[in-house]
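Peer 1: just coords:
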């Protein structure tokens, strides 16, 4: 028989959940919270998206063809002020600006789960560092793992990492947004969760290039394995743990993003491999390709902490037009032979 303490813990949830960002992932997470029984309000930068979501017409710009329940949406970020907790889903390179707008509306101690993957260019900060600088009165968490927004919005089975230094708060997050089809696993390793999510997007571009050039499944598997070694080296150098990087938010996310053209990062790499320039590909897209945005910061941060990332380096050189896809592959294949460990 459960004690009264157990019963109280089981019933504690964040009932009023704000979602800052109405792209594909933010919209999918809002659906998750809604179906979990939470009261949800979502902030959208674009008035037409806020109107469509409020009127039950879905999100035709970022999540087309996905039937979505109506949800209160606004372009006024101040509407999130009374939220018990916030899912923050702004793109990594826009996270600081979004936090500056949101921070004055946050009550002290408000739990904020960072749901975007990347490293800030220029400062080389992880998103938790940006949160600490712009909203030090917030309580941080990181949500990361192998999860396509369209799968989550449709209620297909997904599992992710919910990293939070305070286990009780992490468990409240899990009860608040977790569902049988959206399984959340707690960790206290914020750095490991963030490092995996940032690096895997850059590595997915490399796997896309491999696919675009028609190099075969053996080369593709090798890139995933050697890419995972790069992710692990950088994550550990930053203070993350090996077991975190080997879990959902590291290896799990890497396998998904590197194995499906549904990934914006992999499809970007496929087009690079077929001869298009990075600027040409990006100009044709509405949604952010995080790997292309984050690659310079990943390479610069690795150099700062003394970690070699040869795959990430050639991806950056392709994005910035210094080499083409075939030359990038030749550079990797002609590296000196060495031990695997």
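Peer 2: The structure has been received and is ready for your questions. Predicted, not measured: the structure shown is a model, and the values here were computed from it. Numbers count the residues shown, from 1 in each chain.

Peer 1: any idea which helix is longest in the chain?
Peer 2: Ranked by number of residues, the top helix in the chain under DSSP state H is helix 190-213.

Peer 1: Can you check the pLDDT for residue 7?
Peer 2: You'll see residue 7 listed with a pLDDT of 30.

Peer 1: nope, residue 42 is what I was after
Peer 2: Looking at residue 42, its pLDDT stands at 98.

Peer 1: try residue 66
Peer 2: Value listed for residue 66 in the pLDDT field: 88.

Peer 1: what is the mean pLDDT for the longest helix of the chain?
Peer 2: On average, the pLDDT along helix 190-213 is 96.

Peer 1: The following helix or strand past it to helix 190-213, inter-axis angle?
Peer 2: With elements assigned by DSSP states H and E, the helix or strand that comes after helix 190-213 is helix 217-238. When axes from the mean of the first three to the mean of the last three Cα atoms, to 10 degrees is applied, the directions of helix 217-238 and helix 190-213 differ by 160 degrees.

Peer 1: mind checking how far the spatially most central residue of the chain is from residue 337?
Peer 2: In the chain, the C-alpha nearest the mean C-alpha coordinate belongs to residue 117, at 3.3 Å (Cα atoms, centre = their mean). For residue 117, the distance to residue 337 equals 33 Å [Cβ to Cβ, to the nearest Å]. Glycine gets a C-beta too; all of them are placed from N, C-alpha and C.

Peer 1: and what of residue 288?
Peer 2: Taken as Cβ to Cβ, the span from residue 288 to residue 337 is 38 Å.

Peer 1: picking that back up, let me know the secondary structure of the residue nearest to the centre of the chain.
Peer 2: Using DSSP: H, G, I helix; E, B strand; the rest coil, the structure places residue 117 in coil.

Peer 1: Quick one: residues contacting it.
Peer 2: By Cβ atoms under 8 Å, 6 or more residues apart in numbering, the contact set of residue 117 is 92, 144, 194, 197-198, 200-201, 290, 294.

Peer 1: And for residue 126?
Peer 2: Residue 126 touches 119-120, 191, 194-195, 198, 238, counting by Cβ under 8 Å, 6+ apart.

Peer 1: Taking the residues you listed, tell me the two that lie furthest apart.
Peer 2: Farthest pair in these (Cβ to Cβ) is 120 and 191. Separation: 14.6 Å.

Peer 1: In this structure residue 137 contacts residue 104, no?
Peer 2: No: in this structure residue 137 lies outside contact range of residue 104 using Cβ atoms under 8 Å: 10.3 Å.

Peer 1: before we move on, the earlier item: ok, the nearest residue to the residue nearest to the centre of the chain once chain neighbours are set aside to residue 149 distance?
Peer 2: Using Cβ to Cβ, 6 or more residues apart in numbering and skipping the chain neighbours, the partner closest in space to residue 117 is residue 197 (3.4 Å). Separation of residue 197 from residue 149 (Cβ to Cβ) stands at 14 Å.

Peer 1: of those two, who's got more company?
Peer 2: residue 197 (31 against 22; other Cβ atoms under 10 Å).

Peer 1: Let me know how buried residue 22 is, in neighbour terms.
Peer 2: 27.

Peer 1: give the contact list for residue 166.
Peer 2: Neighbour list for residue 166: residue 139 [criterion: Cβ under 8 Å, 6+ apart].

Peer 1: gap between it and residue 329?
Peer 2: Computed as Cβ to Cβ, the residue 166 to residue 329 distance reads 45 Å.

Peer 1: Repeat that for residue 169.
Peer 2: 45 Å.

Peer 1: Residue 248 too?
Peer 2: Remark: distance between residue 248 and residue 329 (Cβ to Cβ) = 30 Å.

Peer 1: Pick out whichever of the two has more residues nearby.
Peer 2: Taking neighbours as other Cβ under 10 Å, residue 248 and residue 329 compare with residue 248 leading, 24 against 20.

Peer 1: residues in contact with the more buried one?
Peer 2: By Cβ under 8 Å, 6+ apart, the contact set of residue 248 is 144-146, 159-161, 185.

Peer 1: Same question for residue 115.
Peer 2: For residue 115, the contact set (Cβ under 8 Å, 6+ apart) comprises 21, 25-26, 29, 87-89, 143-144.

Peer 1: Please produce a markdown table containing those, extended by distance to residue 228, neighbour count and secondary structure.
Peer 2: Output for the contacts of residue 115, formatted as a markdown table (distance: Cβ to Cβ, whole Å; neighbours: other Cβ atoms under 10 Å; DSSP: H, G, I helix; E, B strand; the rest coil):
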| residue | distance to residue 228 | neighbour count | secondary structure |
| --- | --- | --- | --- |
| 21 | 28 | 25 | coil |
| 25 | 23 | 26 | helix |
| 26 | 28 | 26 | helix |
| 29 | 26 | 26 | helix |
| 87 | 28 | 30 | strand |
| 88 | 27 | 27 | strand |
| 89 | 26 | 27 | coil |
| 143 | 21 | 26 | strand |
| 144 | 15 | 32 | strand |
